[in-house]
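J.: Sequence and predicted structure below; questions after.
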Amino acid sequence: MEEYIAKVLISREELAKRVAELGAEITRDYAGKNLLVLGILKGAVPFMSDLIREIRLPLAYDFMALSSYGASTQSSGVVRILKDLERSVEDVHILITEDIVDTGLTLNYLIANLKARNPLSVKVATLLDKAGRRKVEVSPDYNCFSIPDEFVVGYGLDFNEEYRNLPYIGVLKPEAYKSI
Ligand SMILES: O=P(O)(O)OC[C@H]1O[C@H](OP(=O)(O)OP(=O)(O)O)[C@H](O)[C@@H]1O
Ligand code: HPA
């Protein structure tokens, strides 16, 4: 697997340090609030599971699955809910966790969809922000790392469903794209 990694963009140690900082910030901001951390499957899973253990508050978590990309690296712009929340959200502050905000199409749709359910608030925590690729205006409330326009994998991010279990964020060699 790692023979296709051209370079490590963000190391395991840098990820852990930054996620801990973000957890501390969120702990301060949500003290005394009814918090629901929402993980967007599948990419957010490693980030979310590390982040919630750095948030020193009572919280609940749930997941949604959305479709935006297939096996390709291009956004289709079409967002569909494949798995929805388990309960109503009128009494909670929702914190969406994402692995990456790229074109912004997924989040743009999701924020509007969640706001229509009248939660107390909706905010976004993302591991990576690739702001150079935005197609719609949306900016995360919490961001661990801003990255250039390179296709990255690892720590939840996939190429063709692989590489999600790498413990760091890496950039793929061009050969990887030809290998499928
Ligand atoms: O800002 P955008 O251009 O909309 O892209 C970001 C979305 O794309 C990825 O999900 P993907 O649909 O690949 O699903 P996955 O998390 O299961 O890999 C990522 O996890 C975000 O949800
Ligand atoms: O750079 C990326 N890597 C993996 N999945 C993605 N989805 C949007 N951008 C990316």
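T.: Thanks, I have it. Ligands and ions are numbered 1, 2, ... in the order given.

J.: do stretch 142-154 and ligand 1 meet?
T.: No - residues of stretch 142-154 contacting ligand 1 under Cβ under 6 Å from any ligand atom: none, with a closest distance of 10.1 Å. (Each C-beta comes from the backbone N, C-alpha and C, glycine too.)

J.: Which positions within that stretch qualify as buried?
T.: By 16 or more other Cβ atoms under 10 Å, the buried positions in stretch 142-154 come out as 142, 143, 144, 145, 147, 152, 153, 154.

J.: From ligand 1, how far out is residue 56?
T.: Per Cβ to the nearest ligand atom, to the nearest Å, residue 56 is found 26 Å from ligand 1.

J.: same thing with residue 105?
T.: 4 Å.

J.: Before we move on, what's the pLDDT of that residue?
T.: As predicted, residue 105 sits at a pLDDT of 92.

J.: And residue 179, by the same measure?
T.: pLDDT, residue 179: 66.

J.: Can you narrow the buried residues of stretch 142-154 down to the ones near ligand 2?
T.: Counting by Cβ under 6 Å from any ligand atom, 152, 153 from the buried residues of stretch 142-154 sit close to ligand 2.

J.: quick one: low-confidence parts of the chain?
T.: For the chain, the stretches with pLDDT under 70 are 68-77, 179-180.

J.: And the strands in it?
T.: With DSSP state E, the ranges of strands along the chain come out as 5-10, 35-41, 59-67, 80-83, 93-101, 121-129, 142-146, 152-153, 169-172.

J.: one step back: and which of the buried residues of stretch 142-154 is nearest ligand 2?
T.: The closest of these to ligand 2 turns out to be residue 152 (Cβ to the nearest ligand atom; 4.4 Å).

J.: Surely the closest one is in contact with residue 164?
T.: No - Residue 152 sits out of contact with residue 164 when judged by Cβ atoms under 8 Å, with a separation of 11.7 Å.
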